[in-house]
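Chemist: The following comprises the amino acid sequence and a computationally predicted model.
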Amino acid sequence: MSAFTNALVLTGPTACGKTALALDLAERIGGEIVALDSMTVYRGMDIGTAKPSAAERARVRHHLIDVLDPWESLTVAWWLERAGAACAEITARGKRPIFVGGTPFYLKALLHGLFDGPPADAELRRTLEGDAARDGVAALHARLAGVDPKTATRLHPNDVRRVVRALEVHALTGKPISAWQQTWDTPAFADPAESAPPPARVPAAVLTLPREVLYDRINRRVGVMLEAGWPDEVRRLRELPHALSREARQALGYRELLEYLENGGDRGETAELIRTHTRQFAKRQLTWFRHLPSLVPVPADAGDAAGLVLGAWGII
RNA sequence: GGGUAGGUGGCAGAGCGGUCAAUUGCACCAGACUGUAAAUCUGGCCUCUUCGGAGUUCGGGGGUUCGAAUCCCUCCCUACCCA
């Protein structure tokens, strides 16, 4: 938990200009960048993830980029651990760790921590998912209500993924997941008496942009990425010795391009689909940001955005 | 000019006399989210509403009927076929 005491965070929706600003800031304060990103970890997935270029990485040292092969899986817990290690390493070198990226779940885990529960059990999950398929999602949800009514109340029966995880935690530990999850501000656990003490505050800035401006940037950037050879990149990924992992395969645009290459879709329609899905993702990011109270908003298009971010971080 | 098939909510597309403000999908808006998270799930989506309802909708106009998006007449438009 004190792993991040020295860290700074710069987040914002996709395509809002985080990368360029972060390089500038890192150079100004002697920082190194840690990717707060679930997809730039993969080697060979460069264009569509808007991964910082070699030149940019030569300017400022980056961490947690290109650390996995596309057929490998990752989890938040794995990321968080690596992030903490990177942080310690950077601090030991006398530099400032700057987390840059827009994966909101990882951001929240960084700011609030994760409960110390058991990792996923693939076989158990397969069984539970099979049960849901055979007996229906309502039956699975009812089973959860039997062992953890608190969690069952807040999960929709169709939310199989979370119902399965809740059942999994209970089966593995004998304790309901709601007894473990006391570090976040989830409505069900808003009672201060039941919440863990707030974690050390990590200064964090969110870049903001008017919705229309952001959407326009997204639309244009997808076009640029496609022109830059994104489809060829995906073709190369398909020729790898192993199939892409579930996590890598679900990356925005890669999934659509894979579908396009495998089933011969329409190029223009695919491009539009990627634009739409990217805009929808940006919206989801905004929902997270709105509800993370410690994030300090900074207009990305402000003349002195860098200065404003430094102010938000409390450095000036 | 003749023939055929059509014109339904932002789009696609059901409905074919009442149970229709109108199935569904997409888009859009909002919410959730603790080991798949660039994923996944949920709600809303004609207008107004004291949330009980109320008022306008299914190309335009006119009819039939207790009652029409659904039937008839007419006009306009679209697609394809024959000229």
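Modeler: Right, received. Where do you want to start?
Chemist: all strands for chain A, in order.
Modeler: With strands called from DSSP state E, chain A shows them at A:8-11, A:31-35, A:62-63, A:96-100, A:204-208, A:295-299.
Chemist: need the contact list for the nearest residue to A:Pro231 once chain neighbours are set aside.
Modeler: In this structure, A:Pro231 finds its nearest non-sequential neighbour in A:Leu257, 5.8 Å apart by CB to CB, 6 or more residues apart in numbering. (Each C-beta comes from the backbone N, C-alpha and C, glycine too.) A:Leu257 makes contact with A:Gly48, A:Trp230, A:Pro231, A:Val234, A:Thr270, A:Ile274, according to CB atoms under 8 Å, 6 or more residues apart in numbering.
Chemist: would you turn these into CSV with neighbour count, pLDDT and distance to A:Lys283?
Modeler: Formatted as CSV, the entries for those read as follows, by neighbours: other CB atoms under 10 Å; pLDDT from 0 to 100; distance: CB to CB, whole Å:
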residue, neighbour count, pLDDT, distance to A:Lys283
A:Gly48, 25, 98, 19
A:Trp230, 21, 98, 22
A:Pro231, 20, 98, 26
A:Val234, 23, 98, 25
A:Thr270, 18, 96, 21
A:Ile274, 25, 98, 15
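Chemist: which ones among those are found in helices?
Modeler: A:Trp230, A:Pro231, A:Val234, A:Thr270, A:Ile274 (DSSP state H).
Chemist: Setting aside sequence neighbours, what's the nearest residue to the residue nearest the centre of chain A?
Modeler: Centroid check for chain A by CA atoms, centre = their mean gives A:Thr103 as the closest residue, at 2.4 Å. Counting by CB to CB, 6+ apart, A:Thr103 lies nearest to A:Ser38, which is 4.6 Å off, once chain neighbours are set aside.
Chemist: same thing with A:Ala138?
Modeler: A:Ala138 sits nearest to A:Pro157 (CB to CB, 6+ apart), 5.1 Å away.
Chemist: cool, and A:Val298?
Modeler: Using CB to CB, 6+ apart, the nearest residue to A:Val298 is A:Leu308, at 4.5 Å.
Chemist: Wait, that neighbour touches A:Asp301, no?
Modeler: No: using CB atoms under 8 Å, A:Leu308 is not in contact with A:Asp301, being 11.0 Å away.
Chemist: Which one of the two is surrounded by more residues?
Modeler: A:Leu308 (19 against 12; other CB atoms under 10 Å).
Chemist: who touches the more buried one in this structure?
Modeler: The neighbours of A:Leu308, taking CB under 8 Å, 6+ apart as the test, are A:Ala205, A:Val298, A:Pro299, A:Ala302.
Chemist: Quick one: buried ones out of those residues?
Modeler: Neighbour-count burial (16 or more other CB atoms under 10 Å) is assigned, among the contacts of A:Leu308, to A:Ala205, A:Val298.
Chemist: Report the lowest-confidence entry in the contacts of A:Leu308.
Modeler: Ranked by pLDDT, the contacts of A:Leu308 bottom out at A:Ala302 (95).
Chemist: List the residues that contact that one.
Modeler: Contact analysis of A:Ala302 by CB under 8 Å, 6+ apart lists A:Leu308.
Chemist: how does it look with 10 Å?
Modeler: Going by CB atoms under 10 Å, 6 or more residues apart in numbering, A:Ala302 touches A:Leu207, A:Thr208, A:Leu308, A:Val309.
Chemist: Please apply the same query to A:Ala248.
Modeler: A:38-39, A:41-42, A:44-45, A:68-74, A:237, A:254-255.
Chemist: Okay, it and RNA strand B: tell me how far apart.
Modeler: A:Ala248 is 9 Å from RNA strand B, where distance means CB to the nearest atom of the strand, to the nearest Å.
Chemist: I'd like the distance between that residue and A:His277.
Modeler: A:Ala248 sits at a distance of 16 Å from A:His277 (criterion: CB to CB, to the nearest Å).
Chemist: from the contacts of A:Leu257, which two are the most distant?
Modeler: The distance between the two most remote of these (CB to CB) is 12.4 Å, for A:Gly48 and A:Thr270.
Chemist: Identify the contacts common to the two.
Modeler: Shared contacts of A:Gly48 and A:Thr270, defined by CB under 10 Å, 6+ apart, are found at A:Leu226, A:Pro231, A:Gly253, A:Glu256, A:Leu257.
Chemist: Now do the same contact list for the first one.
Modeler: Read that as A:Leu226. A:Leu226 neighbours (CB under 10 Å, 6+ apart): A:Ile47, A:Gly48, A:Gly253, A:Leu257, A:Arg267, A:Thr270, A:Ala271, A:Ile274, A:Arg275.
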